[in-house]
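Colleague: just to be clear, the model below is a prediction. Sequence and coordinates:
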Amino acid sequence: MALLQISEPGQSAAPHQHKLAVGIDLGTTNSLIATVRSGISTVLQDEQGHALLPSVVRYLPNGDVVVGHEALAQQSTDPVNTIASVKRFMGRSLKDIADRAHIPYRFVEGDEGTTKHLLLQTRAGLKSPVEISAEILKTLKARAEKSLGGELVGAVITVPAYFDDAQRQATKDAARLADLNVLRLLNEPTAAAVAYGLDNASEGTYVIYDLGGGTFDISILKLTKGVFEVLATNGDSALGGDDFDHRIYCWVLDKIRGGSSSFTPLSEEDTRLLLTKARQAKEWLTNNHEAQIVCRLSNGVLVDVTLTAPQFIELTQHLVAKTLSPTRKAMRDANLPLEDINGVVLVGGATRMPHVRHAVEEYFKQEPLTNLDPDKVVALGAAIQANMLVGNRSDNDLLLLDVTPLSLGLETMGGLVEKIIPRNSTLPIARAQEFTTFKDGQTAMSIHVLQGERELVSDCRSLARFELRGIPPMVAGAARIRVTFTVDADGLLSVSAHETTSNVEANIVVKPSYGLSEEQILTMLQSSFGAAENDKQARVLAEAKVDAESLLTAISAALKQDGDLLSMKGKQKIIAKMDVLKDLLLEGNIHAGSSGAIREATEALNAATEDFAARRMDASVSRALAGKNLDSLKI
Amino acid sequence: MSLNYFELFGLNPAFNIDLTALENNYRKIQSTSHPDRFVTALPAEKLQSMQIATTANEAYQTLKTPALRASYLLSLQGISATAETNTNMPANFLMQQLEWRENLEDAKAEKNMGMLESLLAEMQVEAKNLQADLVDLFDTKKDSAMAMEATRKLIFIDKVYADINKAIEQIEN
C-alpha cells in the first residue's frame, strides 16, 4: 500500500498532482465504478449507498432517461422502454440474437447499406445498444465526478476477454458518447487478476473463471515479478447467469401451460415479470433448498410453483457443462498440466451458484478462491490499472500483457479463411502476409477481414471488407499484395494493404460492418447536445482543444524531464511551435470555426517533436538494455 | 543496423538457449517499452512504444518456440526452411508421416479420444528427440544441411500436433 503524501505547508503538491482516473466494470446485469484513493482501490457508491448500478436504462414518457435501481423497479410494468442486459446486444446484428422470442424488446434491423447492427424501438425512438450503454456510463461518470470532486482524466473500461473486435469497438463508441476518455479497454479476467495479485502478492499460474450475467470468460495468467502474462483465454460471449434465469422461466411456463397447447403467448409485461421471478428464485437457491415462485399474470392466471435445488441443477447442468469446454481449450492452449495451477479465482455473480462452484472445484481439483467479492473484483482491478496508466504510481511495478482471444484472418479462394494472427497472441502484435492476383491484368483486389476459429468464411464473423485499387496490370500471380494486421493494446484491429512492386496503398481501421459509422456517432453526439449545427461545430472544437492541450502538457513535461537531450536550437524550434498553438487557444482568438487551425498547429507541433520523442525512447531503451539503441529494435 | 532477435535479448545465436534469461529480458523490454507506459506521452513516443513492444513480442515468440527458433537460425544463415524448393525428405520419414496422418484420420472417424491422446504423446516424444538432435546439429556439428532437415521434420510434427488438438476440440464440442 502506498503511503500518504503530505506536502509542506504553503507548497502545493502540483508536480505529483493526483489525476482522477477510474475503472469501470460495464456489466450485463450490474455496472460499477472504482478508483484508487490513498493507495487503496475502492468502489464508489451512489448517494443511497449502492455500489452496484443495475445495467438497466428506462426511457420515460416525458423524455427523461433513468438508469439503475429506479429503472429496474419499473422493468415489469414498462418492459419495452426499460432495457436490461444491453451488453448482450453490443456489436451484434439481429441474426446473432438467438432467443428473440423470449426477450421483451422490439428489435429493428439497422439501416441497409451503412450498417446491419440491431436497434431497439422505444418510446424515445430507435436506440442502438451503444447509446443505451452510454447512458449507463454517463450515470457512472456523474457518480464519480460528484464523489471525487473533479473532472475525470480517463477511465479503464473492462470487456469480456472473449469479446470480438465489433463488441470492443462498440464499447469504445459508447464511452465516446458518454464523453469519457478511454485509457484502455481491459479484459475482465485480467482486471480480476490484478485485484487479486496486488492483494495477495502472488506469484505463479492462476485461472480466472468469470461467469457474469451474460458472458463467460476463462483466462490463464502467469504472474512473475509484477508482470501479468495472459497465457490463454477462451469463453463464450453469449453464456451467463441470464441463461440460468431463462431455463427457470421456461420450466415455469411448461408448468403453467400443463399439456395445453392453446395457451396464448405471454405479454411483454408477463415475460419480464416471470424472468424477474426466475432470477430471484435462482438467487434464493444459492443458500436454500427450494424456492417458491408466486405471482399473478395479467390474464388472471395465478402462478404458484416450487423449484427444488436438485431440479434447478438438472435444468441447468448443461449450462455449467458448457463452461467447461472453453476451459479445456484454454488449458490446452496454455499447454499446462492441471497440477501447475496455483489457484482458481471465481469472478461474476453467477459463480455464487453452488453447482457452478462444485463443477470448477471438481475440474481443477482444488477449492476456488473467493476472498474478494465476485461482483466488485473486476472494477477494483480496472481502477488499479487506470491509476497506473495516468501515472499516479511512480514505482511502475505492474505490467499487463494480454492476448487476442480469437484468430484474425482473410478470405481466400473458395470461401476459406487464411489465419494471419492466431488466437492467444500477445498484444500488441503486427503480422503481414503476401497475396497475389488470380487473373491476368487484375487491377483491384477485395479484402475481407474475418475473426474466428473455423475454416469457412461463413462460420466466422465478418469484420470488414475493403478494396485495394490501382494495382498495375500484370500477369496472374505476379503482383505482390502485402496485407498487414495490427492489433493494439486495447485488442482493436487495423488492417492495411499495399502492392509491393508499385507501392499502391490502402489503409483501414477496421470498423465492423454492423457497427456504427463515424457519421452516426457524430449524429448521436449532436443529438445529445441539442439539434443545432453549431453544436456539432462546438463539439469538434472542444475535441480539438482537448487534444491540443494534452499535447502541450505532455511536451512541457517531457521538456522539463529530458530537455537536455536537445540542442538549444532544437528546443527553440519546439517552443516556437508550442507558442503558435498556445496563441490559437487564447480566449480571445478562439471562435466557432477555429478547430481546423488548432488541428493543423497541433499536427505541426507533433511533427516537430518526433526527433525529440525518438531521443527520449532511445534513452529509456538503453537504460533498460545497456548499449542498445532504438533503431536496432525496429522491424 | 538492426539487432537480430538473439542480440535483442542478449543471447548468443544458438539452438540451445537460456530460456530463463530470454523470459527475464523479454519482461525487462516490455516493462520499459509497452504502450501502457506511454498513455500520457507524446504521440510519436506512443507510436515507437507500439513498434518496440510489437517487435519484442514477435522476437520472444520466435525464440521461445523450438521450430520457429530453428527456422530463424537458418534464416540468419540465408536458408529458408519452408521454401517450396525444399521438398526433399528421407523416405522413411515420409512413410512415417503417412502412418501418423492415417492414424489421425482413423481416430477422428472413430472419435477415439484415447487414440488421439496417445498420438499426442507420441508427437511430444518425437518433438523432444528432434530438439535434442537440433542442439547437436546447430551448436556442436554446425551442420546446416542436416539442421534444415531436422527443422523441417519438427515443423511437420508441430503441424500434426496442432491437427490432433483440433480433432480433440471438435470431438469435445
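Modeller: Here it is on my side, so go on.

Colleague: tell me the domain ranges of chain B?
Modeller: With domains defined by automatic domain parsing, chain B comprises B:5-64, B:91-172.

Colleague: among those domains, which is the most enclosed?
Modeller: The highest mean neighbour count among the domains of chain B, using mean count of other Cβ atoms under 10 Å in any protein chain shown, belongs to domain B:5-64: a mean of 20. For glycine as for every other residue, the C-beta is placed from the backbone atoms N, C-alpha and C.

Colleague: just how off-centre is it within its chain?
Modeller: The chain centre lies 18 Å from the centre of domain B:5-64; the measure is Cα atoms, centre = their mean, to the nearest Å.

Colleague: now stretch A:559-566
Modeller: Distance of stretch A:559-566 from the chain centroid (Cα atoms, centre = their mean) equals 36 Å.

Colleague: circling back to that earlier point, the domains of chain B: which one's closest to chain A?
Modeller: For chain A, the closest of the domains of chain B is domain B:5-64, at 3.5 Å, according to Cβ to the nearest Cβ.

Colleague: which residues of the stretch 501-635 of chain A score low on pLDDT?
Modeller: A:506-519, A:521-536, A:621-635 (pLDDT under 70).

Colleague: for burial, what's the neighbour tally of the residue nearest to A:Lys573 when sequence neighbours are not counted?
Modeller: In space, and not counting its chain neighbours, A:Lys573 is closest to A:Ala608: 5.9 Å by Cβ to Cβ, 6 or more residues apart in numbering or on different chains. A:Ala608 has 18 neighbours, counted by other Cβ atoms under 10 Å in any protein chain shown.

Colleague: quick check: A:Ala608 touching A:Gln572?
Modeller: No. The criterion here is Cβ atoms under 8 Å, and A:Ala608 misses it with A:Gln572 at 10.7 Å.

Colleague: with mean pLDDT and distance to chain A added, can I get the domains of chain B in CSV?
Modeller: Listed next are these as CSV, based on pLDDT from 0 to 100; distance: least, Cβ to the nearest Cβ, whole Å:
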stretch, mean pLDDT, distance to chain A
domain B:5-64, 91, 4
domain B:91-172, 92, 6
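
Colleague: can you put these in CSV and add distance to A:Arg143?
Modeller: Output for those, formatted as CSV (distance: least, Cβ to Cβ, whole Å):
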stretch, distance to A:Arg143
domain B:5-64, 23
domain B:91-172, 43
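
Colleague: what's the longest helix in chain B?
Modeller: Identified as the longest helix of chain B according to DSSP state H is helix B:144-172.

Colleague: what is the helix or strand where A:Arg599 lies packed up against?
Modeller: According to DSSP states H and E, A:Arg599 maps onto helix A:595-608. Judged by 3 or more Cβ pairs under 8 Å, 6 or more residues apart in numbering or on different chains; DSSP states H and E, helix A:595-608 is in contact with helix A:533-562, helix A:568-585.

Colleague: remind me what the last one packs against, helices and strands.
Modeller: Contacts of helix A:568-585 with other secondary structure elements, assessed using 3+ Cβ pairs under 8 Å, 6+ apart, are made with helix A:533-562, helix A:595-608, helix A:610-624.

Colleague: what do you get if the cut-off is 7 Å, keeping everything else the same?
Modeller: In this structure, helix A:568-585 packs against helix A:533-562, helix A:595-608, with contacts taken as 3 or more Cβ pairs under 7 Å, 6 or more residues apart in numbering or on different chains; DSSP states H and E.

Colleague: what's the last one in contact with?
Modeller: Looking back up the chat, that one is helix A:595-608. By Cβ atoms under 7 Å, 6 or more residues apart in numbering or on different chains, the list of residues contacting helix A:595-608 from outside reads A:540-541, A:544-545, A:547-548, A:551, A:573-574, A:577-578, A:580-581, A:584-585, B:43-44.

Colleague: for that helix, what is the distance to the chain centroid?
Modeller: Helix A:595-608 sits 30 Å away from the centroid of its parent chain (Cα atoms, centre = their mean).

Colleague: quick one: name the residues of the stretch 251-400 of chain A near chain B.
Modeller: The stretch 251-400 of chain A comes close to chain B at residues A:Ser325, A:Arg328, A:Lys329, A:Arg332, A:Leu389, A:Val390, A:Gly391, A:Leu399, A:Leu400, as judged by Cβ under 7 Å from any Cβ of the partner chain.

Colleague: ok, for the first one, nearest residue in space, not its chain neighbours?
Modeller: Closest residue to A:Ser325 apart from its sequence neighbours, by Cβ to Cβ, 6+ apart: B:Glu172 at 5.6 Å.

Colleague: B:Ala67 too?
Modeller: Nearest non-adjacent residue to B:Ala67, counting by Cβ to Cβ, 6+ apart: B:Leu154, 4.5 Å away.

Colleague: and what of A:Ser620?
Modeller: Setting aside the residues directly before and after it, A:Ser620 is nearest to B:Thr32 in space (Cβ to Cβ, 6+ apart), at 5.5 Å.

Colleague: can you find the residue of the stretch 101-250 of chain A that comes nearest to chain B?
Modeller: A:Val227 (4.9 Å).

Colleague: swap in chain A?
Modeller: In chain A, the residue that lies nearest chain B is A:Ala613 (3.5 Å; Cβ to the nearest Cβ).

Colleague: that residue contacts B:Leu47, correct?
Modeller: No. At 8.2 Å, A:Ala613 does not count as touching B:Leu47 under the criterion of Cβ atoms under 7 Å.

Colleague: coming back round to it: mind listing what's buried along the helix holding A:Arg599?
Modeller: Of all the residues in helix A:595-608, those buried under the rule 16 or more other Cβ atoms under 10 Å in any protein chain shown are A:Ser595, A:Ala597, A:Ile598, A:Arg599, A:Ala601, A:Thr602, A:Leu605, A:Asn606, A:Ala608.

Colleague: stretch A:419-435 now?
Modeller: Neighbour counts over stretch A:419-435 (16+ other Cβ under 10 Å) mark A:419-431, A:433, A:435 as buried.

Colleague: cool, stretch A:360-367 as well?
Modeller: Counting neighbours by 16+ other Cβ under 10 Å, one finds that the buried residues in stretch A:360-367 are A:Val360, A:Tyr363, A:Phe364, A:Gln366.

Colleague: ok, now stretch A:28-42?
Modeller: A:Thr28, A:Thr29, A:Asn30, A:Ser31, A:Leu32, A:Ile33, A:Ala34, A:Thr35, A:Val36, A:Ser41, A:Thr42.

Colleague: same thing with stretch A:151-166?
Modeller: Neighbour-count burial for stretch A:151-166 flags A:152-166 (criterion: 16+ other Cβ under 10 Å).

Colleague: stretch A:171-186 too?
Modeller: Buried residues in stretch A:171-186, counted by 16+ other Cβ under 10 Å: A:171-180, A:182-186.

Colleague: among those residues, which are in helices?
Modeller: A:Thr171, A:Lys172, A:Asp173, A:Ala174, A:Ala175, A:Arg176, A:Leu177.

Colleague: using a markdown table, lay out those together with distance to chain B and pLDDT.
Modeller: Converted to a markdown table, those look like this (distance: Cβ to the nearest Cβ, whole Å; pLDDT from 0 to 100):
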| residue | distance to chain B | pLDDT |
| --- | --- | --- |
| A:Thr171 | 18 | 95 |
| A:Lys172 | 15 | 94 |
| A:Asp173 | 20 | 92 |
| A:Ala174 | 20 | 95 |
| A:Ala175 | 15 | 95 |
| A:Arg176 | 17 | 91 |
| A:Leu177 | 21 | 91 |
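
Colleague: right, I'll call it a day here.
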